[in-house]
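In: Sequence first, then the predicted structure, then my questions.
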Amino acid sequence: MEASGRATTAYAEPASTPWTIAKLGVGALGLAWSLTTTAAYLPPVLGQYTDSTSLIGGVLGAEGVFALTLPLVIGPWSDTFHTPLGRRRPFMAVAIGPMGFCLALMAFMPNLWTTALLVFAFFFAYYVYEPPYRGLYPDLLPESVYGRAQGVQHLFRGIALGGALIGGGLLYRLWQPAPFLSASAIVVAACLVPVLFLREDGGHGRVFEGIATYVRHSWNVLRDNPDVGRFLIANAAWEGTFAGARTFVVLYITVGLHEELAVSTVALAAVAGGYVVAALVAGPIGDRFGLARVITLCSLVYGSGLLCGGLATKWHAWYLVPIFVVAVFGGSVMTLAWGLLFKLMPDADRGAISGLATTTKGFGLIFGTLLAGVLIDLARPYFPGTDGYQILWPILALPILFATPLVASLIRAEEAPAIHS
C-alpha cells in the first residue's frame, strides 16, 4: 500500500477549537447510547425467550465477531478513500440509517432468532461507523489536546450512559420498545453531527485496494509497532470488562440480588455520575502527568474495586459510594485509553490502527460477554443465594489487573519523541 494513499495531515478544519472537539464528541454520544441501550435492555427482552445467560451472552457477544473482522478492512480503507466528502465520513454516513432502523425494530421481533438477526445487522452497521470516526480524532486535532478531547468525548459518553440507563429504565417500565425507539432517534441525530458539520481531506490515493491488501497491511502495522501491540492487548482487557459489566449489571441486581429495577436504575445513576466526573477531570490530569501513568494508577483502583464486588450477596444503600468511586477510576481508564493510542500511532496509519483497536475490542466483547454468561451459569450451584451472579465482578476484575503492567510499560513510549510518518 503506497504512502501516497494515506494523507498524514488534515485540512482547513480549525485545529483544537472547542467547536471541533465538541462536534467530534457528539458522535460518541450516539454510539454510546446505542450500545448502552442494547446491552442493558436487550437481555430482559431476550429473557422472554430463554433462561440461559450463556445464550444471552452469546447473542450480545456476537458483537465481537463484527468488531474482529470489519475494522481490519474499514480502518485502512478509510485511509485511502478519495471522495469529495472526505476519507472517513462516507463510511460513517452510510452506517447511520441501518443503525437507526435496527434499533427501532429491535423490541418488536417475535422470537429469539429474529431478534438476534436484527441485533447482528445493527452490529455490522456500528462497526462500519466506528473505525473511521475514531480516525477523525488524530486527523483533526494536535497531540497536545488528545487527553482533553477524549475527556470531552467521554463526557458525551457519560451523558449517553446516564440517559440510556436511567431514562431507558423509566421508559422500559412504561413500554418495552420505548428505550429502543428513543435510542434510534438519538443515534441518528447525534451520529449525523460529525458527518454534516466537520470538514476533512478527501485523501490522495486509490478508493479501494482490496480486502487482502487491507488485512495484510493492518497486520504489518501491528508487527512494526510493538508499543501499539501492547496497548491493543490492554484495550481488549478493558473492553471485555466493560462489555461484561454493561450486559449483566441489570440482571445482577434484579436476579442476583433480588432487587427491583428501580434499584438498578439508582446504581446505574451512580455509575453514570462517576463516569461524567472522570470525563471532566481525567483529560486535563492525563495531559499534565501523562496518559499512561494516570491509566496505570486508575487501573489498580478500578480492578481492586471490581474484585471486592464479589463479596456482595445483598443490596445495601451504602454500596452507592464505592460504586461511584470505582466508576470514577474506571471511567478515567476508558476516557484516556484512545488518547494514549493516538500518541503511539504513526500518522500514516491512523485508520488502520483505529481499525486494529476496534478489532481487539472484539476479542474483549466475545470473551468478556460470553465467558461471563457461561461462568454465571456454571456458578449457580456454588452461589445459589445470588443465582451465580456473585462471580461476575471478580471475573471482570482480572482483565483490568492483568492489563495494568502492560500500560505501565508504555509510560516511556508515551514520553519519547513521537514518530509521525
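Out: Nice, thanks for sending it over.
In: Let me know the average pLDDT across the helix or strand where residue 19 lies.
Out: Assigned by DSSP states H and E, residue 19 belongs to helix 18-46. Computed over helix 18-46, the mean pLDDT rounds to 90.
In: helices or strands next to that helix in the packing?
Out: helix 53-61, helix 89-105, helix 112-140, helix 146-162, helix 168-174, helix 178-197, helix 226-251 (3 or more CB pairs under 8 Å, 6 or more residues apart in numbering; DSSP states H and E). (Each C-beta comes from the backbone N, C-alpha and C, glycine too.)
In: In CSV: the ones you listed, plus distance to residue 299.
Out: What follows is the helices and strands packed on helix 18-46, written out as CSV (distance: least, CB to CB, whole Å):
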stretch, distance to residue 299
helix 53-61, 23
helix 89-105, 31
helix 112-140, 21
helix 146-162, 16
helix 168-174, 28
helix 178-197, 29
helix 226-251, 8
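In: For residue 46, which of those is the nearest?
Out: Residue 46 lies closest to helix 53-61 among the helices and strands packed on helix 18-46, at 4.9 Å (CB to CB).
In: Between helix 226-251 and the closest one, find me the angle.
Out: Here the directions of helix 53-61 and helix 226-251 differ by 130 degrees (axes from the mean of the first three to the mean of the last three CA atoms, to 10 degrees).
In: Would you check how far apart the closest residue to residue 101 other than its chain neighbours and residue 122 are?
Out: Distances taken as CB to CB, 6 or more residues apart in numbering put residue 184 closest to residue 101, at 7.5 Å, once the chain neighbours are dropped. Distance, residue 184 to residue 122, by CB to CB, to the nearest Å: 10 Å.
In: same thing with residue 232?
Out: The gap separating residue 232 from residue 122 is 24 Å, by CB to CB.
In: And for residue 382?
Out: Taking CB to CB, one finds residue 382 at 35 Å from residue 122.
In: Same drill for the two, tell me which one is more crowded.
Out: Neighbour count, other CB atoms under 10 Å: between residue 382 and residue 122, residue 122 has more, with 25 against 9.
In: Give the full set of residues in contact with the more buried one.
Out: 34, 38, 98-99, 102-103, 106 (CB atoms under 8 Å, 6 or more residues apart in numbering).
In: Show the contacting residues for residue 49.
Out: So residue 49 contacts 111-112, 115 (CB under 8 Å, 6+ apart).
In: Kindly state the pLDDT recorded for it?
Out: pLDDT at residue 49 comes out at 84.
In: list the buried ones in stretch 126-146?
Out: Buried residues in stretch 126-146, counted by 16 or more other CB atoms under 10 Å: 126-141, 145-146.
In: Can you pull out the low-pLDDT segments for the stretch 51-200 of the chain?
Out: Applying pLDDT under 70 to the stretch 51-200 of the chain flags no residue at all.
In: Let me fix that, I meant to ask about the stretch 201-350 of the chain.
Out: Answering for the stretch 201-350 of the chain: the residues below the bar, that is pLDDT under 70, span 201-215, 217-218, 348, 350.
In: Mutual contacts of residue 184 and residue 122, please.
Out: 99, 103.
In: How much space separates the residue minimising distance to the centre of the chain from residue 71?
Out: Nearest to the mean C-alpha position of the chain, by CA atoms, centre = their mean, lies residue 239 at 6.6 Å. Taking CB to CB as the measure, residue 239 falls 13 Å from residue 71.
In: again with residue 200
Out: From residue 200 to residue 71 the distance is 19 Å (CB to CB).
In: same question, residue 376
Out: For residue 376 relative to residue 71 (CB to CB), the value is 29 Å.
In: and what of residue 49?
Out: Counting by CB to CB - residue 49 and residue 71 are separated by 30 Å.
In: can you check residue 263 too?
Out: 37 Å.
In: Could you check which of the two is surrounded by more residues?
Out: residue 71 (31 against 16).
In: what angle separates the strand or helix carrying that one from helix 112-140?
Out: For residue 71, the host element (DSSP H and E) is helix 63-80. Counting by the same axes, to 10 degrees, helix 63-80 lies at 30 degrees to helix 112-140.
In: Next, the buried residues of helix 63-80.
Out: 63-68, 70-80.
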